[in-house]
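In: Below is the sequence, then the predicted model.
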Amino acid sequence: MTDSGAATDFTPRFDEFADAVQAGLPSAIADLSNLVRIPSVSWDGFDPKHVADSATAVKSLLEGLGVFDSVEIAQARLSEGEGLGQPAVLASRPARNGKPTILLYAHHDVQPPGKDEEWDSVPFEPTVRGDRIYGRGAADDKAGVMAHVAAIRALTSVLGSDFDLGLSVFIEGEEEFGSRSFKNFIVDHHDKLAADAIVVADSDNWNTTTPALTVTLRGNVKFHLAVSTLDHASHSGMFGGAVPDSMLATIKLLATLWNDDGSVAVDGLTTWAMETPEYSEELLREEAALLPGVQPIGKGTILSRMWAQPTVTVTGIDAPTVINASNTLAASTTVVLSCRIAPGQTAADAYVALKAHLDAHAPFGAHLEYSSIDLGDPFLVDASGPSVADARAAMAEAWGVEPVDTGIGGSIPFVSDLVEQFPQAEILVTGVEDPDSRAHSPNESLHLGVFRRAILTEALLLAKLNARA
């Protein structure tokens, strides 16, 4: 992709918006800190009360803006199985006088904190060090929630609350746990969520001084694979050498998934042809924290490997632990495979290709069982619409440099659900993160300068849409 120039006129009253954002920044940081203190992990095994408390706090923030006709906490049916998903917050006000409607999305749930000893400060106690604020969810994605809130505060500070722009806010409560009720939620609340443009504030910027608009997202195929060779564990000394244990079969099977250079060796997984900005191996080493002497994998430009090629990663394994190891041949081994899918291929087709490969390469006649299958399609932005042009212009104004069109190696699977339900809406994938944010990792953080510029970008975008004829 190439750098993208601003396409619309400079926003009237820019200085007033910049001043309003700066004046409101301390309150935005304080409100963000309060949200970070709520350990709203949406995964099974964590207290759901914390997610409910987080939803209540977000609802209070949106009500305090004084611009919405309705603000509610709602839940939807899970896509599979019984019960309801985690609580989300939905606020809306209709457009007037022919103005467009914009939907602002973020999520208030967070990843588990991991091991406390790997953090330099307490995960759920926000801590400012230098120009960054540290804490689980400080960047992903409670900063996205607060970017929306603070941008609306700036908009009303300059224009008042009697503007004509239609405005909806959807703050999800289970994005980090697979958005399992997302599709049902947007179907249930279709009329309140329908919009001309949708801002998904859950992505990266190019760096701390250059904004980015995400125009490609890889899809995701994730599943559990159980590899079994025995009806029960057997003595390794008595039968080893004649009987294949499940770990041996698993290792040999997994090794067939990659070429010697680490690129994926699965027939049927495709690559998307795209130009990418310059990105050096040295920068990759710094941002990915490669150990000295460890070499990158794959082929093609580095960014094409991360944005436009498929990957297969083993993200979990159930096997006897070292401390509990005994002299037995394991009967069954289960792994979690997380596969990123390049734009241009459906997740369903990719899963078929992966399953066919694994079935064909199962060693020693090992039995394979697939479960917990989770599919999310890739996404390509139609960058030709007026809201995309307005977003690029707002970024250029707020940051003082032209934005970069980027891809994301990770997945936001629900974006395809938004496209399906709202096919006429322009999807704008923005964010408040940067390469040092360490989302999902220990010492997650938000750069406060990026935060201010992201808020100003969104305030300017709202003003542009409100001024649209």
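Out: Now that the structure is in, tell me what you want to look at.

In: Tell me who's in contact with A242.
Out: Shown here is A242, which makes no contacts under the criterion C-beta atoms under 8 Å, 6 or more residues apart in numbering. Quick note: C-beta positions are derived from backbone N, CA and C, even for glycine.

In: which stretches of this protein form helices?
Out: Along the chain, the stretches classed as helices by DSSP state H are 14-36, 48-63, 142-159, 182-188, 190-193, 236-239, 246-255, 281-288, 302-307, 347-361, 386-399, 414-421, 448-467.

In: buried sites along stretch 399-419?
Out: Neighbour-count burial for stretch 399-419 flags 399, 403-409, 411-419 (criterion: 16 or more other C-beta atoms under 10 Å).

In: Nearest residue to L418 in space, ignoring adjacent ones along the chain?
Out: Once flanking residues are discounted, L418 sits nearest to I198: 5.9 Å by C-beta to C-beta, 6 or more residues apart in numbering.

In: ok, now G409?
Out: Distance criterion C-beta to C-beta, 6+ apart; nearest residue to G409, sequence neighbours excluded, is M306 at 3.9 Å.

In: The one you found and S411, how far apart?
Out: Distance, M306 to S411, using C-beta to C-beta, to the nearest Å: 12 Å.

In: now L32
Out: Distance of L32 to S411, computed by C-beta to C-beta: 25 Å.

In: Quickly list the domain ranges of this structure.
Out: Domain ranges of the chain: 14-217+379-467, 219-272+309-376, per automatic domain parsing.

In: what residues does stretch 243-253 touch?
Out: The set of residues external to stretch 243-253 that reach it, using C-beta under 8 Å, 6+ apart, is 227-230, 234, 236, 319, 329-333, 335, 358, 361-364, 366.

In: mean confidence for that stretch?
Out: Stretch 243-253 shows a mean pLDDT of 97.

In: Identify the residues contacting the residue nearest in space to the middle of the chain.
Out: Centroid check for the chain by C-alpha atoms, centre = their mean gives I412 as the closest residue, at 4.9 Å. I412 is in contact with V200, D202, S203, L217, G376, F379, V429, counting by C-beta under 8 Å, 6+ apart.

In: what's the neighbour count on the last one?
Out: When you say that, I think you mean V429. 25 (other C-beta atoms under 10 Å).

In: Could you find the closest non-adjacent residue to it?
Out: T214 (3.8 Å).

In: Let me know the pLDDT of that neighbour.
Out: T214 is assigned a pLDDT of 92 by the prediction.

In: Touching, it and V381? I think so.
Out: Yes. Counting by C-beta atoms under 8 Å, T214 touches V381, with 7.4 Å between them.

In: Buried residues in stretch 446-456, which are they?
Out: L446, H447, L448, V450, F451, R452, R453, A454, I455, L456.

In: ok, now stretch 376-388?
Out: Within stretch 376-388, the residues that count as buried by 16+ other C-beta under 10 Å are G376, D377, P378, F379, V381, A383, G385, P386, S387, V388.

In: Find the pair from the residues you listed with maximum spatial separation.
Out: Across these, the two members that end up farthest from each other (C-beta to C-beta) are G376 and P386, 28.0 Å apart.

In: Could you export stretch 448-468 as PDB, CA atoms only?
Out: Listed next in PDB are the C-alpha coordinates belonging to stretch 448-468 (Å, rounded to 0.1, in the frame of the first residue of the first chain):
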ATOM      1  CA  LEU A 448      -0.600   9.400  25.700                       C
ATOM      2  CA  GLY A 449       0.400  11.400  22.600                       C
ATOM      3  CA  VAL A 450      -1.200   8.900  20.300                       C
ATOM      4  CA  PHE A 451      -4.300   8.900  22.600                       C
ATOM      5  CA  ARG A 452      -4.700  12.700  22.200                       C
ATOM      6  CA  ARG A 453      -4.200  12.600  18.400                       C
ATOM      7  CA  ALA A 454      -6.600   9.700  18.100                       C
ATOM      8  CA  ILE A 455      -9.300  11.600  20.000                       C
ATOM      9  CA  LEU A 456      -8.700  14.700  17.900                       C
ATOM     10  CA  THR A 457      -8.900  12.600  14.700                       C
ATOM     11  CA  GLU A 458     -12.300  11.200  15.600                       C
ATOM     12  CA  ALA A 459     -13.600  14.600  16.700                       C
ATOM     13  CA  LEU A 460     -12.600  16.100  13.400                       C
ATOM     14  CA  LEU A 461     -14.200  13.100  11.500                       C
ATOM     15  CA  LEU A 462     -17.500  13.600  13.400                       C
ATOM     16  CA  ALA A 463     -17.400  17.400  12.500                       C
ATOM     17  CA  LYS A 464     -16.800  16.600   8.900                       C
ATOM     18  CA  LEU A 465     -19.700  14.200   8.700                       C
ATOM     19  CA  ASN A 466     -21.900  16.600  10.500                       C
ATOM     20  CA  ALA A 467     -21.100  19.300   7.900                       C
ATOM     21  CA  ARG A 468     -21.700  16.900   5.000                       C
END
